[in-house]
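Engineer: Return a 3D structure for these sequence lines:
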Amino acid sequence: MTLTRRDVENIAHLARLGITEEELPAYVGSLSRIIDFVEQLSSAPAGDVEPMAHPLEDQVQRFRADEPTETDHRERYQQNAPEVEAGLYIVPKVIE
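Structural biologist: Numbers count the residues shown, from 1 in each chain. As a prediction, the model looks like this:
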């Protein structure tokens, strides 16, 4: 499927993209190739493929130990804050 210049302009408008006149031919070609590739993938025979529940089903994945790597510096950081209450930063109200 080949996209037209008007198709790409409509897509750019819907996506709120600012595409210049100089960039438009490149987008027409690139998007057309992407759509052609997706159509090619759609025609691939995939009826005999079983869906995978997990990509590492028959393998063991090593996990690192869940240990803290940094110390808590909250008290030190909050000393620089203009206003703190109950461990939270107090900020000015911006919505009335």
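Engineer: Give the buried residues for stretch 5-25.
Structural biologist: Using 16 or more other CB atoms under 10 Å as the test for burial, stretch 5-25 gives 8, 12, 19. The C-beta positions use only the backbone N, C-alpha and C, and glycine is treated the same way.
Engineer: does Arg76 count as helix, strand or coil?
Structural biologist: helix (DSSP: H, G, I helix; E, B strand; the rest coil).
Engineer: State the distance from it to Ile90.
Structural biologist: With distances taken as CB to CB, to the nearest Å, Arg76 is found 18 Å from Ile90.
Engineer: Kindly report the same for Val8.
Structural biologist: 49 Å.
Engineer: list the contacts for Gly29?
Structural biologist: By CB atoms under 8 Å, 6 or more residues apart in numbering, Gly29 lies in contact with nothing.
Engineer: So what does it have for phi and psi?
Structural biologist: phi -70, psi -50 (degrees, to the nearest 10).
Engineer: quick one: it and Ile95, what's the gap?
Structural biologist: Taking CB to CB, one finds Gly29 at 46 Å from Ile95.
Engineer: and what of Met1?
Structural biologist: 47 Å.
Engineer: Between those two, tell me which one has more neighbours.
Structural biologist: A direct count of neighbours by other CB atoms under 10 Å for Met1 and Ile95 places Met1 higher, at 9 against 3.
Engineer: looking at it, the more buried one is touching Arg33, isn't it?
Structural biologist: No. Counting by CB atoms under 8 Å, Met1 sits too far from Arg33 to count as a contact (10.5 Å).
Engineer: what about Val28, neighbour count?
Structural biologist: Neighbours of Val28 using other CB under 10 Å come to 19.
Engineer: Then Gln78?
Structural biologist: 13.
Engineer: Same check on the one 10 residues further on?
Structural biologist: Applying other CB under 10 Å, we find 10 residues neighbouring Leu88.
Engineer: same deal with Ser32?
Structural biologist: The number of residues near Ser32, taken as other CB under 10 Å, comes to 16.
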